[in-house]
Structure formats: C-alpha cells, structure tokens
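Visitor: here is my input; please provide its structure:
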Amino acid sequence: MAKSVKDAFELKVLTVPVASIVPQRELSPAIRASLTYKQITASVKEVGLIQALIVFPKGVDQYLLLDGHLRLDVILHLGWTEVDCIVATDDEAYTYNKRVNHLPPVAQHYMLRKALSKGLTEQRLADALDVKIDAIRRTTTMLDGICPEVIDILREKDLPASGFGVLRKMKPFRQIEAAEHMVASAKYTMSFATALLAMTPPELLVDAPHIRKFKDKPAEDQALLREETDSIVRDLKDAEASYGTDILALTVACGYMQRVLQNRRIEKHLEKHFPEILSTLRSLIAEVKPAASEAIAS
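Guide: Sure thing, here's the model as predicted:
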C-alpha cells in the first residue's frame, strides 16, 4: 500500500508579528544597495507584499525564517508590525527561490501584458518594479513582429528585449534561422543578434536599404562567413543530438576498462610494454566520470 505524502506546508496563511520572526543571516550593505533589493522595496511600497514569507515554528511565539530575508528586511525598514507567512512543516533551511526557475524575458512580456489588461498603468508597473517607463514599454512590445515559431524557440531563453528588436528587422524565415543559431551556440546577447543581422542576405531583411552591413566587407567575404557559420551550427546540432548516446557508450566502455585495470597483471603488462596507452586510459577514465555526472544532472 502506498504511503501518503506529508504536506510540506500548513494549508492556511498565518499572520505573524514581525518581532517573532528570527532570520538566519544578516544582510550586508552591498545587498541593501543592490538592484534586486531596491526593486523589492519599490514593489512592497507600491502594491504590498506579493509573496509571503516562509517560516518554521521554533517555539512559543517564535518562527525561524526559511525564505524571504530581503522581504523581511524591507518590511522592517518600512515599519510593518505584522506579515503574512506560509508555515512549513519541516525545518528545511534552504532558499526556496533556488527551486524556482528564473523568469525569462518572454515570460516577463506576457506577465506585464496581462497586468496591463487588468487595468494597471505603465507608470504604476514602472514604480512597482523600480524601472523607467521606457523599459516597461520595450518589454510589453518586444514580441511585435516576431513570428510564433521564434517565440516558442526562445520562450525559455534569456534574449533581452533589444535582441528581439534586432530579430524584428529580419523576415520570418531568417528569424527562425537566427533563433536556431542562438540556441545551437548558447548565445543570447544583443551583440550576437546584431552579428547575425549583419550576415543576413538583403532579400531576407524587412527593410534592407536601412540595414548596415559589416564595414569594408565585400560580398564574397560575407557569403563565406555565412557559409562557415551555417556549417558550425550544423555541427553543433549534430553533436548535441548524439551527445547523450556518446557519453553513455563512453561511460560503459570506461567502466569496463577500469575493471580491467584493477587486474594487477594486466596493469603491469601495460606499464611495461604500453605506458602511453595506460596513461591515456587513466586520464580518459578520470575525465569521463565528471562529464557523465553533468550529463545525467542536466
């Protein structure tokens, strides 16, 4: 019979006196001067505490803070006396935010668009996030002119709004190619997007006369550069497709060789007659173990 899974948290949110919450660490002046801290402060001032603190009861009217040290510090400085908390049923002293995926730009775009559709103004969002209103406008319009296939490709990637602005200058087919280049190369920067734009043939640009190409680069060089880039991307895709299988086969082979080398007679024979091969095998076995662990973890 299967065992029931224990709830990790109490089902009700509890309002706790701020004085009863015991933090596990002190915040440094550098943290209080960081952009994240300033954004949390602005958000709490503008719309209140969105994410409750996570605490664990340690005694009578005392709660150990498991997650939310920056938020607690902010509300202390703002003079709050009570705060809503989620009560954990186990003392797991790790940061829960580390288990939450980073919010990529595409997700931020949809989140802000949804907030605007519910009646929030651009100015209030800018105040809550402690950014300029121009940044809000760039994020909410960054997918205009981007084809759906590219949005799906880059949905979980960290390409900034300015990078999507570069992609917008390309026709849909070239947008997809550029997005695939980014994924294959694992580069999601404005400079890389600009380089891809510069290598784009004029017929694949939305407004070719106004797109600047590399200075002093003849058409032959640009064509060669595009060909080499496409070849590199194809090789990367092929390697990515076979990487897992290759690592598995290599791990099995190295495991077998490791057991063979545990036979002292075989090891002595190799040391005497084939020292270079033995040295290579030992290095390979030592390198494959961490590589296999990383492949499994990913």
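Visitor: quick one: residues contacting Leu65.
Guide: With contact set as C-beta atoms under 8 Å, 6 or more residues apart in numbering, Leu65 has these partners: 21-24, 53-55, 72. Placement of C-beta: from N, CA and C, glycine included.
Visitor: ok, what's across the strand from it?
Guide: Beta bridges link Leu65 to Val55 when assigned by DSSP bridges.
Visitor: roughly how far apart are it and Lys45?
Guide: From Leu65 across to Lys45, the span is 21 Å (C-beta to C-beta, to the nearest Å).
Visitor: and Leu11, what helix or strand is that in?
Guide: Counting by DSSP states H and E, no helix or strand carries Leu11.
Visitor: nope, Tyr63 is what I was after
Guide: Taking DSSP H and E as the definition, one finds Tyr63 inside strand 62-67.
Visitor: in that strand, which residues are buried?
Guide: By 16 or more other C-beta atoms under 10 Å, the buried positions in strand 62-67 come out as 63-67.
Visitor: do the same with stretch 111-128
Guide: 112, 115, 122, 124-128.
Visitor: so what's the model's average confidence on it?
Guide: The average pLDDT for stretch 111-128 rounds to 83.
Visitor: so where do the strands sit in the chain?
Guide: 14-17, 21-22, 53-59, 62-67, 82-87 (DSSP state E).
Visitor: which stretches of the stretch 101-250 of the chain aren't confidently modelled?
Guide: Within the stretch 101-250 of the chain, the ranges that satisfy pLDDT under 70 run 101-102, 208-244.
Visitor: which one of the strands of the chain lies nearest to His273?
Guide: Of all the strands of the chain, it is strand 62-67 that lies closest to His273, at 60.4 Å by C-beta to C-beta.
Visitor: between strand 82-87 and that closest one, find me the angle.
Guide: For strand 62-67 against strand 82-87, the angle by axes from the mean of the first three to the mean of the last three C-alpha atoms, to 10 degrees is 80 degrees.
Visitor: could you check the angle strand 53-59 makes with strand 62-67?
Guide: Inter-element angle recorded for strand 62-67 and strand 53-59: 150 degrees (by the same axes, to 10 degrees).
Visitor: now strand 62-67: average pLDDT?
Guide: Across strand 62-67, the average pLDDT comes to 88.
Visitor: please list only the buried members of the contacts of Leu65.
Guide: Those of those that meet the buried threshold are 21, 53-55, 72, by 16+ other C-beta under 10 Å.
Visitor: so which of these is the closest to Asp90?
Guide: Ile54 (11.2 Å).
Visitor: how near is the closest residue to the closest one other than its chain neighbours to Val18?
Guide: Excluding the flanking residues, the one nearest Ile54 by C-beta to C-beta, 6 or more residues apart in numbering is Asp67, at 4.1 Å. Here Asp67 is placed at a distance of 16 Å from Val18 (C-beta to C-beta).
Visitor: sorry, back to before: can you add distance to Ala161 and pLDDT and give the buried ones among the contacts of Leu65 back as TSV?
Guide: Output for the buried ones among the contacts of Leu65, formatted as TSV (distance: C-beta to C-beta, whole Å; pLDDT from 0 to 100):
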residue	distance to Ala161	pLDDT
Ile21	37	92
Leu53	32	88
Ile54	32	88
Val55	37	89
Leu72	32	93
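Visitor: about what we covered before: hang on, isn't the residue nearest to Ile54 packed against Phe56?
Guide: No - between Asp67 and Phe56 there is no contact under C-beta atoms under 8 Å: 10.1 Å.
Visitor: coming back round to it: centre of the chain to the strand holding Tyr63, how far?
Guide: Centroid separation for strand 62-67 versus its chain: 28 Å, with C-alpha atoms, centre = their mean, to the nearest Å.
Visitor: how about stretch 188-204?
Guide: Chain-centre distance of stretch 188-204: 23 Å, with C-alpha atoms, centre = their mean.
Visitor: turn the buried ones among the contacts of Leu65 into TSV, including distance to Val150.
Guide: Below are the buried ones among the contacts of Leu65 laid out as TSV (distance: C-beta to C-beta, whole Å):
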residue	distance to Val150
Ile21	45
Leu53	39
Ile54	37
Val55	43
Leu72	41
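Visitor: from the residues you listed, which is closest to Arg259?
Guide: Nearest to Arg259 among those, counting by C-beta to C-beta, is Ile54 at 47.1 Å.
Visitor: touching, that closest one and Arg71? I think so.
Guide: No - counting by C-beta under 8 Å, Ile54 sits too far from Arg71 to count as a contact (10.1 Å).
Visitor: list residues touching both of the two?
Guide: With C-beta under 8 Å, 6+ apart as the test, Ile54 and Arg71 reach no residue in common.
Visitor: thank you, goodbye.
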